[in-house]
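1. this one's structure only:
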């Protein structure tokens, strides 16, 4: 999948003209790319267009127009765009109660070893991207991860007879969520793109 290029970014005035339509389209796409696994984990699969939206919104919100700052936003969000044969996702761990959230994040410090994408008989473990400033022995509430099922997995995702699920198998949190047909289609497109 191609990264967002500087030439794709609109200046603030031009972006305002298309913002409502573009955001609406991306909000609908994000619904198809969102998977809840159990009560407290939500995965949102990232792609080029979602990264483009996030960059444009950051430039708009922060009123960024300097080339150096724009380049920084491109680098930051392009890290979320998956490479060939990969899928990437943002994982949000959500507990309303602060104490419960802190205890869960401490208990799941090694979650990276317990998340996988299952497509048919194949299990594709998640690779968590380390974040600057992470506390050792504690899981952040927002994580960025990658799966590497390969381009051939697109065919399996398009085959309704093949099961596909996100699985969390941590001793402190076990849950499995089948991928909807809409999500499977989005991910197959990502792998082919």
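-> Nice, I can see it. Small disclaimer: the values here were computed from a predicted structure and weren't measured.
2. Per-residue pLDDT of the residue nearest in space to the middle of the chain, please?
-> Centroid-nearest residue in the chain: residue 89, 2.1 Å away (criterion: CA atoms, centre = their mean). Per-residue confidence (pLDDT) for residue 89: 97.
3. Could you pull out the buried residues of the one helix or strand it maps to?
-> Element membership for residue 89, per DSSP states H and E: strand 87-93. For strand 87-93, burial by neighbour count (16 or more other CB atoms under 10 Å) applies to 87, 88, 89, 90, 91, 92, 93. Quick note: C-beta positions are derived from backbone N, CA and C, even for glycine.
4. now stretch 169-183
-> So, applying 16+ other CB under 10 Å, buried residues of stretch 169-183: 170, 173, 175, 177, 179, 183.
5. Go through these and flag which are in helices.
-> Among those, DSSP state H puts residue 183 in helices.
6. Among the buried residues of stretch 169-183, which ones are in strands?
-> Assigned to strands by DSSP state E, the following of these qualify: 170, 173, 175, 177.
7. ok, of those, which one's closest to residue 40?
-> residue 173 (7.1 Å; CB to CB).
8. Tell me who's in contact with that closest one.
-> Residue 173 sits next to 38, 40, 41, 104, 108, 111 when contact means CB atoms under 8 Å, 6 or more residues apart in numbering.
9. Per-residue pLDDT of it, please?
-> 97.
10. How far off centre is stretch 61-78?
-> The chain centre lies 20 Å from the centre of stretch 61-78; the measure is CA atoms, centre = their mean, to the nearest Å.
11. per-residue confidence averaged over that stretch?
-> Averaging pLDDT along stretch 61-78 gives 92.
12. hang on, the earlier thing: could you redo the contacts of residue 173 as TSV and give each row distance to residue 125?
-> What follows is the contacts of residue 173, written out as TSV (distance: CB to CB, whole Å):
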residue	distance to residue 125
38	18
40	20
41	16
104	21
108	16
111	12
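13. Good, wrapping up.
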